[in-house]
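sharing a model prediction with you, sequence too.
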Amino acid sequence: MIKRTPARHSTTVLAVIHGKTSSIGADGQVSFDDTILKASASKLRTLGDGKVAVGFAGGVADALTLFDRFDEKLRAYPRDVRRAAVELAKDWRTDRALRRLEAMLVAATKKELFLLSGQGDVIEPDDGVLAVGSGAPYATAAARALIRHGAGKMDAETVVRESLRIAAEICVYTNEQIEVITL
């Protein structure tokens, strides 16, 4: 008999820079295999004295460890979020304990977005839209469409909320319990 490990499915985290603000949002669903364990988890935090908002997809304990490490890097490089992100990614890739962490982070400032992964990635999107998790493709497509075709009337927070709602209509691992932080 083959032992099957239950699949871990992520959440949906979306960050958008639009106008003079940025917003990051996440749904609240926690899934394990085909079971919803929790509907209203908080997957967002502010770091760097409230100047950086971060969200995660993946293991909670792993993400909380990474939040703490990122906050340390932000204190070491308080005026350079990009450098702090690169330093975290370097540690994450090379440190034996960190290397095993299974999470992805999205970090947002008022003017920058970054995706950080354990593979050493620090990716800044070209268009001010960045998402991770199971519903990422849906949320990204929705945000880009809203920005291109009607978001002149919407602020970044509204774009994030509406995009996550659209993702929740499509992705079974995303729900409508949406939390948003706006910078």
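Right, received. Where do you want to start?

if you count contacts, what does the lowest-mean-pLDDT helix or strand in the chain end up packed against?
Ranked by mean pLDDT, DSSP states H and E, the weakest helix or strand in the chain is strand 30-32, scoring a mean of 85. Helices and strands touching strand 30-32, by 3 or more CB pairs under 8 Å, 6 or more residues apart in numbering; DSSP states H and E, are strand 35-38. From N, CA and C alone the C-beta is placed, and that goes for glycine too.

what are the pairing partners of the strand it packs on, and which direction each?
Partner strands for strand 35-38, per DSSP bridges, with pairing direction: strand 30-32 (antiparallel).

now do the buried residues in the partner strand.
Neighbour counts over strand 30-32 (16 or more other CB atoms under 10 Å) mark Val30, Ser31 as buried.

cool, stretch 60-73 as well?
Asp62, Ala63, Thr65, Leu66, Phe67, Arg69, Phe70, Asp71, Lys73.

can I get that stretch as PDB, trimmed to CA atoms?
Output in PDB follows, covering the C-alpha atoms of stretch 60-73 (Å, rounded to 0.1, in the frame of the first residue of the first chain):
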ATOM      1  CA  VAL A  60       2.200  29.100   9.200                       C
ATOM      2  CA  ALA A  61       5.100  28.300  11.600                       C
ATOM      3  CA  ASP A  62       7.500  28.600   8.700                       C
ATOM      4  CA  ALA A  63       6.100  32.000   7.600                       C
ATOM      5  CA  LEU A  64       6.100  33.400  11.200                       C
ATOM      6  CA  THR A  65       9.800  32.400  11.400                       C
ATOM      7  CA  LEU A  66      10.500  34.200   8.100                       C
ATOM      8  CA  PHE A  67       8.500  37.300   9.300                       C
ATOM      9  CA  ASP A  68      10.800  37.500  12.300                       C
ATOM     10  CA  ARG A  69      13.900  37.100  10.200                       C
ATOM     11  CA  PHE A  70      12.700  39.700   7.700                       C
ATOM     12  CA  ASP A  71      12.000  42.200  10.500                       C
ATOM     13  CA  GLU A  72      15.600  41.700  11.700                       C
ATOM     14  CA  LYS A  73      16.800  42.400   8.200                       C
END
